[in-house]
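# The following comprises the amino acid sequence and a computationally predicted model.
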Amino acid sequence: AQSVTQPDIHITVSEGASLELRCNYSYGATPYLFWYVQSPGQGLQLLLKYFSGDTLVQGIKGFEAEFKRSQSSFNLRKPSVHWSDAAEYFCASTTSGTYKYIFGTGTRLKVLA
Amino acid sequence: SQTIHQWPATLVQPVGSPLSLECTVEGTSNPNLYWYRQAAGRGLQLLFYSVGIGQISSEVPQNLSASRPQDRQFILSSKKLLLSDSGFYLCAWVLSGRGHEQYFGPGTRLTVT
């Protein structure tokens, strides 16, 4: 079955430190991959997406993600975290053969001042 | 540009009462529409999706139903709410077809008492 796994439920980093949030997918076909951010009580905002081509994708708010087919991963990175990045982050996936989207269970990011 | 609206923003309802949540999209035509539920501290659970007027696919058998009376309107309903229906309900839209990114509404916080 198709699945998206975010191994880290909680991550705490200091402001200014680098960040990497992990995402692993399980698909037979080439997936379309997404990262979303959710602040408390709000909807999800799209950070970036990967469809094909260049495996390093840039998103909003200084985020980037790298698609690694050999590792079935699509990790989200940011070189320097700001206090306003504290939120929950979701990795999601779909394919061209379905209308459904599979979401990971999310990683809650805490940023220390 | 496209926008997605959900209302109400918050709702407190007694057990056994009916429910109607509304989602509307502006600025696009024939979108795919989705209802998700997010329980406290949990990921997103797909409830329903629709690829056209009157076309509803149900993912989770329960006391909820969905309807799409107009191209850009998606309604989530229940005849009798259960305590377990409490949660954060999110509507999302996608460009017609498969493999595009989802865009989420601001959500409705439902508390069943």
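That came in fine, so what should we check first? Numbering: from 1, shown residues only, chains lettered A, B, ... in the order given.
# make it CA atoms for all contacts and neighbour counts henceforth
Noted.
# what's in contact with whatever helix or strand B:Arg109 lives in?
Using DSSP states H and E, B:Arg109 sits within strand B:108-112. Strand B:108-112 is contacted by residues A:41, B:6-15, B:21, B:81-90 when judged by C-alpha atoms under 8 Å, 6 or more residues apart in numbering or on different chains.
# residues in chain A within reach of chain B, list them.
A:32, A:34, A:41-46, A:49, A:94-99, A:103-106 (C-alpha under 8 Å from any C-alpha of the partner chain).
# Which PyMOL command selects the buried ones in the contacts of strand B:108-112?
Listed next is the PyMOL selection for buried residues among these, using 16 or more other C-alpha atoms under 10 Å in any protein chain shown:
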select buried, chain B and resi 6+7+13+21+81+82+85+86+87+88+89+90
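# Inside strands: which ones of the contacts of strand B:108-112?
B:Gln6, B:Trp7, B:Thr10, B:Leu11, B:Val12, B:Gln13, B:Leu21, B:Gly87, B:Phe88, B:Tyr89, B:Leu90 (DSSP state E).
# Check the burial of the closest residue to the fifth one other than its chain neighbours by counting its neighbours.
Spatially, and ignoring its direct neighbours in sequence, B:Val12 is nearest to B:Thr111 (4.8 Å; C-alpha to C-alpha, 6 or more residues apart in numbering or on different chains). Residues within reach of B:Thr111, counting by other C-alpha atoms under 10 Å in any protein chain shown, total 18.
# try B:Pro106
Neighbour tally, B:Pro106, other C-alpha under 10 Å: 21.
# Can you pull the residues of chain B lying near chain A?
With the criterion set to C-alpha under 8 Å from any C-alpha, chain B comes near chain A through B:42-44, B:90, B:97-99, B:101-107, B:109.
# again, only this time at 7 Å
With C-alpha under 7 Å from any C-alpha of the partner chain as the criterion, chain B meets chain A at residues B:Arg42, B:Gly43, B:Leu44, B:Leu90, B:Arg98, B:Gly99, B:Phe104, B:Gly105, B:Pro106, B:Gly107.
# give the contact list for the most centrally placed residue in chain B.
Nearest to the geometric centre of chain B sits B:Trp35, at 3.1 Å (C-alpha atoms, centre = their mean). When the contact criterion is C-alpha atoms under 7 Å, 6 or more residues apart in numbering or on different chains, the partners of B:Trp35 are B:Leu46, B:Leu47, B:Phe48, B:Tyr49, B:Leu90, B:Cys91, B:Ala92.
# what does the average pLDDT come to for stretch B:85-103?
Average pLDDT, stretch B:85-103: 91.
# now swap in stretch A:14-27 and tell me
Per-residue scores along stretch A:14-27 average to 95.
# Could you point out the bridge partners of A:Ser73 in the sheet?
Bridge pairing for A:Ser73 (DSSP bridges) gives the partners A:Asn24, A:Lys68.
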